[in-house]
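>>> I'll drop the sequence and a predicted model, then ask my questions.
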Amino acid sequence: MKITDKLAQAHKDDKAAASFSFEFFTPKTSQGVQNLYDRMDRMYHLNPLFIDITWNAGGRLSTLTSEMVHTTSTVLGLETCMHLTCTNMPLQLIDDALQKAYLSGCQNILALRGDPPLDGSESTGDFKYAKDLIRHIRAKFGNHFCIGVAGYPEGHPEEPDHAKTLSYLKQKQDEGADFVVTQLFYDVDNFIDWCARCRGAGITLPIIPGIMPISNYNAFLRRAKWNNVAVPQSFIDRLAPIKEDDSRVREEGCLLMAELCQTLLDSKHVNHLHFYTMNLEKSTTMLLDSLHLVSNQTKQDYECENSKPWRKSL
Ligand code: FAD
């Protein structure tokens, strides 16, 4: 089923609780892949609306995404969104990936450009921007796929002019995109302001915030720097004094992110949260629990499945 239809169904009642989804990346080993299938299956009991599997251009990992999408869609029966990048991707590989997704019954693609080659060389792909990939998918598959795109509430590192970044997002909508998933962020006020600016710029697509749980202080700072996003002073004030104790960082990080998510939901700009799980279970599950997004029935089912009390599984 298409993500936009799932969102509409989940939120047809105004008072409906927030929905959520999980993103996973392709592991490097076959044992890692098997472990991840087990984890995806377990986490699906928490009732996400869908899961995403990321794309790595080139080598075994790109075909692995297609294989994993096939397994999650047809064997595990999980509603799956396949990421697809076009940097350094010949048209034939893009079409193969789309055809495999189509045959697997996958109806959701996150259409991305991908990061440029690290050595600074020009991409050898047929498409320059994500919008070109969207146009191609629409031309070839009509409305079969629901197409998501990336959004950048704090701008994209390659484009200093935020107004231009917003107009490029509008171009992706005009080419046929159906929803936006954002880059991770910690500055919630800026995010809410950006949502308003999107609407002002004529972007009407559902906006899904990308939520990165905090499980380790150094990893938290590294990811913020890597993705060029601001870290509010309140995060530093609350996490720095306990930075050596991962378990306390996870607890406090969970509180901080729960506050951020609640502010988002209260703003009414979003009703769905997309969790970057980093293929881990604990931090995301703790955050869902803090937000009261796991029903008592789901907790009971989870306890039966894992043979241990819910709190102990956190
Ligand atoms: P685009 O929208 O094409 O933008 C790329 C750059 O070009 C930007 O600087 C933009 O401002 C500029 N631009 C766009 N249109 C124009 C135009 N018409 N004229 C001039 N400049 C223009 N990467 C992966 O490799 N695999 C993944 O699975 C993956 N998943 C992601 C999921 C999410 C939710 C997000 C936010 C990012 C993800 N990425 C992934 C990273 C992404 O590929 C990079 O951020 C990449 O640098 C940009 O991709 P894009 O689709 O936003 O590109």
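Cool, the structure landed.
>>> going forward, measure contacts between C-alpha atoms and count neighbours the same way
Fine.
>>> can you list the buried residues in whatever helix or strand Gln99 lives in?
Using DSSP states H and E, Gln99 maps to helix 91-103. Residues 93-94, 97-102 are the ones in helix 91-103 that count as buried (16 or more other C-alpha atoms under 10 Å).
>>> return the set of buried residues in the helix or strand containing Met68.
Using DSSP H and E, Met68 sits within helix 59-70. Buried residues in helix 59-70, counted by 16+ other C-alpha under 10 Å: 61-70.
>>> immediately after it, which helix or strand?
Next element after helix 59-70 (DSSP H and E): strand 80-85.
>>> can you list the strands that that following strand pairs with?
Strand pairing for strand 80-85, determined by DSSP bridges: strand 51-53 (parallel), strand 108-112 (parallel).
>>> which positions within the shortest one qualify as buried?
Right, the one you point to is strand 51-53. For strand 51-53, burial by neighbour count (16+ other C-alpha under 10 Å) applies to 51-53.
>>> save those as TSV, and put in pLDDT and distance to Gln171 too.
Converted to TSV, these look like this (pLDDT from 0 to 100; distance: C-alpha to C-alpha, whole Å):
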residue	pLDDT	distance to Gln171
Ile51	98	26
Asp52	98	23
Ile53	98	25
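>>> dump those residues into TSV; add distance to the ligand as well.
Output for those, formatted as TSV (distance: C-alpha to the nearest ligand atom, whole Å):
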residue	distance to the ligand
Ile51	12
Asp52	9
Ile53	7
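>>> same list, the residues you listed, but as a markdown table with distance to Gln173 please.
Shown next, in a markdown table, are those (distance: C-alpha to C-alpha, whole Å):
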| residue | distance to Gln173 |
| --- | --- |
| Ile51 | 22 |
| Asp52 | 20 |
| Ile53 | 22 |
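>>> Ala163: which of those residues is nearest?
Nearest to Ala163 among the buried residues of strand 51-53 is Asp52, at 28.6 Å by C-alpha to C-alpha.
>>> mind listing what the closest one touches?
21-24, 80-83 (C-alpha atoms under 8 Å, 6 or more residues apart in numbering).
>>> repeat for Leu84
Each residue near Leu84 by C-alpha under 8 Å, 6+ apart is listed here: 54-55, 94, 109-112.
>>> and those residues, which two are the farthest apart?
Maximum pairwise distance in the contacts of Leu84, criterion C-alpha to C-alpha, is 14.4 Å, between Thr54 and Ile94.
>>> after the lengthiest helix in the chain comes which helix or strand?
What stands out as the longest helix in the chain, according to DSSP state H, is helix 246-267. For helix 246-267, the succeeding helix or strand toward the C-terminus, using DSSP H and E, is strand 272-276.
>>> for beta bridges, what are the partners of Gly210?
Going by DSSP bridges, Gly210 forms beta bridges with Leu184, His274.
>>> that one: what's it in contact with?
Counting by C-alpha under 8 Å, 6+ apart, Gly210 makes contact with 181-185, 273-276.
>>> give me that answer again for 10 Å
Taking C-alpha atoms under 10 Å, 6 or more residues apart in numbering, we find Gly210 in contact with 21-23, 150-151, 180-185, 272-276.
>>> how about Asp266?
If you count contacts by C-alpha under 10 Å, 6+ apart, then Asp266 has Leu260 around it.
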